[in-house]
Structures are given as structure tokens and as C-alpha cells.
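**Student:** no sequence on this one, just coordinates:
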């Protein structure tokens, strides 16, 4: 696989030359189109379980006829989709822990709080929606935007809850208490997440151990350890 810079050519940014499709690349193509597993499977003419297998075994190489179907889907993709695919397939940029900041949205809907089930290698774990804060970006805007792009839920920031160096990742994490405005949660980022859902605040520590939750978040939600 090679990534070429389109330079001043047609809109669409980088062009990815895929010689052999793997489960991981197929999942990136699905995510770039923002399709559900069922939608992706329908366009490829395969069973949704085949797509699910690519998510669980990213190194798998699909059969030759599926390779051809994936080529066709990619060749017909619109420029914005190709650009998203190129970004998803690029190696991660190395940054120092101090340079990386994330905005974490704690979104309330009555007695419920919004969570996403994150893919972490072969493991799954629940967390609050989060997004990287790029230089010059507003933390609150990132929290709102990432929540919408990951889950389809629209929210507004009520107030910040503070920041800390995350004990697991070592990045600077800023927490924002948010209120639900509209939308039911849906997993719009299948490459990164497995599920999105509102859960009862009273059950929060069944999804995320209390020891992993920032103390001001627990206080704001009225959850005791």
C-alpha cells in the first residue's frame, strides 16, 4: 500500500494505492464512507458477518472476488471519502505526551450519561466520547464536534470539570460536563468504536471502574466510589 500526495491535482487529497486488501484496510474503507456493517456488506455483496470478521481479525486477507469488490467500492468513492480513507491509513504521527490534548465530553440526558465502547487492539472498554484538541482549537468545540461525529448525539457544554494527565494514556485530558440536545446514540465511528449508548448514571461504575474516572466527574454526576 502506498499513499501519494495529490498536490495541486483534483480535489480529494492523498490517493491510496492498495495492492492487497486486508480486514483492517476494509474497515478503514467502511469508516471513510461512514457506513454501517450492513450497508458496507450490501455494497460488497457479502454477509454482514464477513464484515464483522474483518473487525475482529484485521490481518485477514479477503478472497479474490471480494478484493475486486473492494477495489470497485474504492474506485467509485467520492473525493472526501478518499481523503478520509487516506488519513485513516496513514501511520500515526508520533507526539510527546505533553503535546497531546484530548477533550472528554460527559454528556447527560436526565439520569443517563453517554458512553462509547472503544476498540483498543483486541480489547473493548467503555469510556466517555473524546477527541484530540489540535493547536488553536477550542476544547469545548472539540467535545461537541467529536460527540456528534462519533455518536450522532448533539450536545452543548454546561461547564468544564477540570483537567489532568490521564493515568492510563499520559495525555492531557480536559473534561467537560455537557447537556444532551437531540439525537439517539449510534456508532458512527465503527473503526474506533464498537457501540455507543446512554447508560443509567447509577450503573456507570459497572461500565467504567470508579478508580479510572476523574474524581470531579464522579462528583458532578453524584456517583460515590
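**Tutor:** Arrived safely. Only a predicted model underlies this, so the values are computations on that prediction, with no experimental measurement involved.

**Student:** Which secondary structure element of this structure has the lowest mean pLDDT?
**Tutor:** strand 2-4 (a mean of 41; mean pLDDT, DSSP states H and E).

**Student:** Helices along the protein, start to end?
**Tutor:** 23-33, 37-44, 48-56, 64-75, 79-89, 139-151, 204-207, 215-221 (DSSP state H).

**Student:** give me the low-pLDDT residue ranges for this protein?
**Tutor:** 1-15, 92-99, 225 (pLDDT under 70).

**Student:** Kindly recompute the last result at 50.
**Tutor:** 2-13, 95-98 (pLDDT under 50).

**Student:** circling back: out of the helices of the chain, which is closest to residue 110?
**Tutor:** helix 215-221 (12.1 Å; C-beta to C-beta). Any C-beta I mention is one placed from the backbone N, CA and C, and that applies to glycine too.

**Student:** which parts of that closest one are buried?
**Tutor:** 216, 217, 220, 221 (16 or more other C-beta atoms under 10 Å).

**Student:** returning to what we had before: between the helices of the chain, which one is nearest to residue 188?
**Tutor:** Per C-beta to C-beta, nearest to residue 188 of the helices of the chain: helix 139-151, 5.9 Å.

**Student:** who does the closest one touch, helix- and strand-wise?
**Tutor:** strand 101-109, strand 112-120, strand 130-132, strand 154-165, strand 172-182, strand 193-200 (3 or more C-beta pairs under 8 Å, 6 or more residues apart in numbering; DSSP states H and E).

**Student:** Make TSV out of the ones you listed and add distance to residue 139 and mean neighbour count.
**Tutor:** Shown next, in TSV, are those (distance: least, C-beta to C-beta, whole Å; neighbours: other C-beta atoms under 10 Å):
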stretch	distance to residue 139	mean neighbour count
strand 101-109	5	23
strand 112-120	17	20
strand 130-132	10	19
strand 154-165	8	15
strand 172-182	5	19
strand 193-200	21	17
